[in-house]
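Asks: Need the 3D shape of this:
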Amino acid sequence: MNMQVAKNTVVTLDYSVTDTDGELVDAGQQPLVYLHGGYDDIFPLIEEAVHGKSIGESVVVKMQPDDAFGEYDATLVQVEKRYQFPDELQVGMEFEGLPEDADDDEDEVLIYRVTDIADDKVVLDANHPLAGMALVFTCTVTGVRPATADEIRHGHLHDDDCEDDD
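Replies: Sure, this is the predicted structure:
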């Protein structure tokens, strides 16, 4: 019997992501494997779309920025002095940092990507590279299995070499 995607199943999806013009954004080299059933392992819109599907079935989900990586937030862009960075700095490199308005109580560390280097300034952007973009997520269910009791209890997948995180 072909198992259907349902709460507390582990789902494997072959997927690709394009923008609304059909330009490939993520070729999905690795299948996406997640715990189904509201565990926030995957975007809710996609989880909704594959719910009840069986192996071999495909869905196409169009997502607005709010459903995907969020709107582009200009406040997450910072300009810093060049001398604060290593010599081998390149566009695309990533650094951890605190937002400019961070207070000491909330250590909300963000990943900043270098988007520009000009003279003595470096532009850092903590937005996800796909923020502000509407995306089309195309996927095919390639695997469905019951989740283990451990996976359900922890709310995420366990690899064979995964340490117990209690």
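
Asks: Next up, identify which helix or strand the nearest residue to Tyr112 once chain neighbours are set aside is on.
Replies: Leaving aside its sequence neighbours, Tyr112 sits nearest to Leu124 (C-beta to C-beta, 6 or more residues apart in numbering; 3.9 Å). All C-beta atoms are positioned from the backbone trio N, CA, C, and that covers glycine. Using DSSP states H and E, Leu124 falls within strand 121-125.

Asks: Thr115 now?
Replies: strand 110-118.

Asks: Mind listing the residues bridging to the nearest residue to Asp116 once chain neighbours are set aside?
Replies: In space, and not counting its chain neighbours, Asp116 is closest to Val123: 3.9 Å by C-beta to C-beta, 6+ apart. Beta bridges link Val123 to Val79, Asp116 when assigned by DSSP bridges.

Asks: Quick one: neighbours of Val123, just the number.
Replies: Residues within reach of Val123, counting by other C-beta atoms under 10 Å, total 16.

Asks: ok, it touching Met93?
Replies: No. When contacts are counted by C-beta atoms under 8 Å, Val123 is not listed as touching Met93 (11.9 Å).

Asks: shared neighbours, these two?
Replies: Val114 (C-beta atoms under 8 Å, 6 or more residues apart in numbering).

Asks: Packing partners of the strand holding Leu124?
Replies: Contacting strand 121-125 under the criterion 3 or more C-beta pairs under 8 Å, 6 or more residues apart in numbering; DSSP states H and E are the following elements: strand 77-81, strand 110-118.

Asks: tilt between that strand and strand 110-118?
Replies: Put simply, strand 121-125 runs at 140 degrees to strand 110-118, going by axes from the mean of the first three to the mean of the last three C-alpha atoms, to 10 degrees.

Asks: Show residues contacting the next helix or strand after strand 121-125.
Replies: Downstream of strand 121-125, the next assigned helix or strand under DSSP H and E is strand 135-146. With contact meaning C-beta under 8 Å, 6+ apart, strand 135-146 is reached by 3-5, 8-20, 22, 25, 28, 31-33, 43, 46, 50, 53-63, 68-69.

Asks: Report the buried members of these.
Replies: Buried members of the contacts of strand 135-146, scored by 16 or more other C-beta atoms under 10 Å, are 5, 9-13, 15, 17-18, 28, 32-33, 43, 46, 50, 53, 59, 61, 63, 68-69.
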